[in-house]
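[1] I need the structure of the sequence given here:
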Amino acid sequence: MTDLSEYSVLLVDDEPAWLHGLSLALERSVGITDISCCNDSRQVMTILQDNRVDLILLDITMPYITGEELLPQIVESYPEIPVIILTGINQVDLSVRCMQLGAFDFFVKSVEQQQLLAGIRRAVKMLRLQQENRQLNQNFLNTTLKHPEAFTEIVSRDPQVLSICKYLEAVSTGPHPILILGESGTGKELFARAVHKIGRPDKPWLALNVAGLDDNVFSDTLFGHVRGAFTGADQTRTGMIESAADGTLFLDEIGDLSRASQVKLLRLLQEGEYLPLGADRPRRSAARIVLATNVDLQHNIESGSFRRDLFYRLAAHQVTLPPLRQRPDDLPLLIDHLIQKLSAELGKPAPDYPAELAVLLGTYHFPGNIRELEGMLINALGTHQKGTLSLSSFRQQIGPAAPPTAESAGREQKLRFTDSLPSLEEAGRLLVEEAMRRAQNNQTIAAALLGISRPGLNKRLKKYRQPS
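    Predicted structure coming up:
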């Protein structure tokens with residue numbers, strides 16, 4: 001069990017009895033001993049200025065300054081501190097307003113105490129996760145690879161990704177082609193660049209997306225032409241394969257290459273020779289060829305659109321990059337990395353973001369993978385003004401229930417039934433349990449996944465937890 005005793009919590013409420021009871025519960029049930037209590041909301045900002053605080057539990061209804069008035073001040077001045085809102089009023093609109101203002105979570109005081117304590121544990125563990133992410137990412141590749149500097153653009157601690165990095169490092173200095181497979185947006189070119197950095201770092205790097213190129217354009221671009229090869233060829237054109245010399249040529253989307261172009265590519269890979277348009281003698285190439293595609297080449301072979309002999313030539317060294325949905329532990333790392341990178345590109349300071357962002361995005365299928373995540377963050381950062389990064393744009397883009405794509409729905413069965421069907425009551429309980437699991441017990445996110453209100457979910461949780 002995670003040790004939470006090192007974290008400091010500030011309880012803000014005008015009811016001394018509530019403060020005392022919650023303090024005891026935190027110490028006995030959660031293991032948090034560094035607890036400060038404040039029953040005058042006017043003192044909160046001074047306490048934060050003079051003391052280290054990791055988490056705040058803030059009551060809404062208080063004299064002098066209400067929690068709803070105090071929340072935006074805390075979020076603006078101390079965006080790294082999660083704030084859990086507590087109130088005796090069960091109002092959906094109040095909950096929504098507080099979450100929009102940057103609250104980490106929202107609880108009605110009348111709920112079971114275990115639910116509140118679970119929310120506190122989740123907030124503190126999220127803090128620890130954010131602290132560990134940067135350190136893990138720094139140490140992950142350095143201890144296992146001979147050339148970690150080549151993989152600095154690859155942000156991951158996933159064992160699948162590490163295995164791919166180690167394999168590519170091992171084959172990067174050889175002469176044979178390398179085939180990188182994976183869905184769109186998984187970062188195939190980054191891995192190709194890593195191969196180049198290790199194998200031929202001081203030589204040229206050239207990249208060509210061959211999707212949509214007819215055979216003439218492909219041949220002219222890749223192999224070049226001699227003067228007079230065709231009407232309008234007034235000068236000799238050097239092709240990319242010659243420009244790459246003994247460096248690296250990266251060919252992307254080769255699954256879309258025409259059959260005629262595949263024959264020429266096969267000759268290049270098999271014989272190390274190519275023929276510029278209009279030339280009468282072949283030329284030799286020493287360039288390393290790295291290729292990538294997001295299509296199923298085996299399917300294309302069966303349909304007759306991709307040559308089997310070309311695939312066998314490519315299959316000597318091949319890797320398949322896992323989609324983002326299979327790398328859940330990488331999501332917080334990628335969020336941190338991309339926010340820093342994109343903020344610099346936009347000329348803005350990198351904002352803090354709510355601790356629940358990774359949980360929210362973890363419920364989404366990401367058909368566009370890391371490229372789609374980057375697009376989401378560009379949109380959010382582009383409209384961000386100050387304070388903590390808002391979750392509203394992410395919720396709009398992933399939808400209320402974060403549904404999987406049609407493609408993924410075809411691959412995975414949404415529901416599986418035994419011979420005897422569950423009752424509607426039992427099916428509802430199972431759905432709620434699964435939503436809570438996916439949302440890591442965050443009721444706001446779980447309610448959104450189910451398409452119901454937060455109070456509605458809370459009512460169901462109470463019902464299901466009652467002994468039958």
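[2] contacts, neighbours, all on C-alpha from now
    Fine.
[3] Flag the shaky bits of the stretch 351-468 of the chain, pLDDT-wise.
    Low-confidence segments of the stretch 351-468 of the chain (pLDDT under 70): 400-419, 466-468.
[4] hang on, Gln49 in a strand?
    No: using DSSP: H, G, I helix; E, B strand; the rest coil, the assignment for Gln49 is helix, not a strand.
[5] what's around it, how many residues?
    For Gln49, the neighbour count with other CA atoms under 10 Å is 11.
[6] separation between it and Asp336?
    26 Å (CA to CA, to the nearest Å).
[7] Repeat that for Arg454.
    28 Å.
[8] So for these two, which residue has more residues nearby?
    A side-by-side neighbour count of Arg454 and Asp336, using other CA under 10 Å, places Arg454 first with 22 against 18.
[9] and that one, what are its phi and psi?
    When read as degrees, to the nearest 10, the backbone of Arg454 gives phi -60, psi -50.
[10] hang on, isn't it packed against Ala447?
    Yes: here Arg454 reaches Ala447: they are 5.4 Å apart, a contact under CA atoms under 8 Å.
[11] ok, residues contacting stretch 278-285?
    225-230, 241-242, 245-246, 268, 272-276 (CA atoms under 8 Å, 6 or more residues apart in numbering).
[12] What ranges does this protein have for its strands?
    8-12, 34-38, 55-59, 83-87, 105-108, 178-181, 205-209, 224-225, 237-238, 248-252, 273-274, 283-284, 288-293, 318-320 (DSSP state E).
[13] Which pair of the contacts of stretch 278-285 spans the longest distance?
    Phe230 and Asp246 (28.5 Å; CA to CA).
[14] Please parse this structure into its domains.
    For the chain, the domain assignment from automatic domain parsing gives the residue ranges 8-138, 159-321, 350-465.
[15] State the mean pLDDT of the first one.
    Averaged across domain 8-138, pLDDT comes to 84.
[16] Quick check, pLDDT for Pro159.
    At Pro159, pLDDT is 89.
[17] and if you look at the one 10 residues further on?
    Looking at Glu169, its pLDDT reads 91.
[18] quick revisit: which one of the contacts of stretch 278-285 is nearest Leu101?
    Ile241 (55.1 Å).
[19] so how many other residues sit close to the nearest residue to the closest one once chain neighbours are set aside?
    Leaving aside its sequence neighbours, Ile241 sits nearest to Leu222 (CA to CA, 6 or more residues apart in numbering; 5.7 Å). Per other CA under 10 Å, the neighbour tally for Leu222 reads 23.
[20] Contact partners for Leu222?
    Gly239, Met240, Ile241.
[21] In helices, which of those appear?
    If you go by DSSP state H, these have Met240, Ile241 in helices.
[22] of all the contacts of Leu222, which comes closest to Lys146?
    Ile241 (29.2 Å).
[23] what number of residues lie near that closest one?
    25.
[24] Kindly report the same for Gln91.
    Neighbours of Gln91 (other CA under 10 Å): 12.
[25] just Val226 next, same as before
    Per other CA under 10 Å, the neighbour tally for Val226 reads 19.
[26] That one contacts Gln235, correct?
    Yes: contact between Val226 and Gln235 holds when scored by CA under 8 Å: they sit 7.0 Å apart.
[27] Give me the buried entries from the contacts of stretch 278-285.
    Neighbour counting with 16 or more other CA atoms under 10 Å marks His225, Val226, Ala229, Ile241, Glu242, Ala245, Asp246, Leu268, Glu273, Tyr274, Leu275, Pro276 as buried within the contacts of stretch 278-285.
[28] Out of these, which one has the lowest pLDDT?
    Comparing pLDDT over the buried ones among the contacts of stretch 278-285, the lowest reading goes to Ala229, 78.
[29] for it, what are its contacts?
    Leu277, Gly278, Ala279.
[30] cool, and Leu181?
    Lys188, Ala292, Thr293, Asn294, Val295, Gln318, Val319, Thr320, Leu321.
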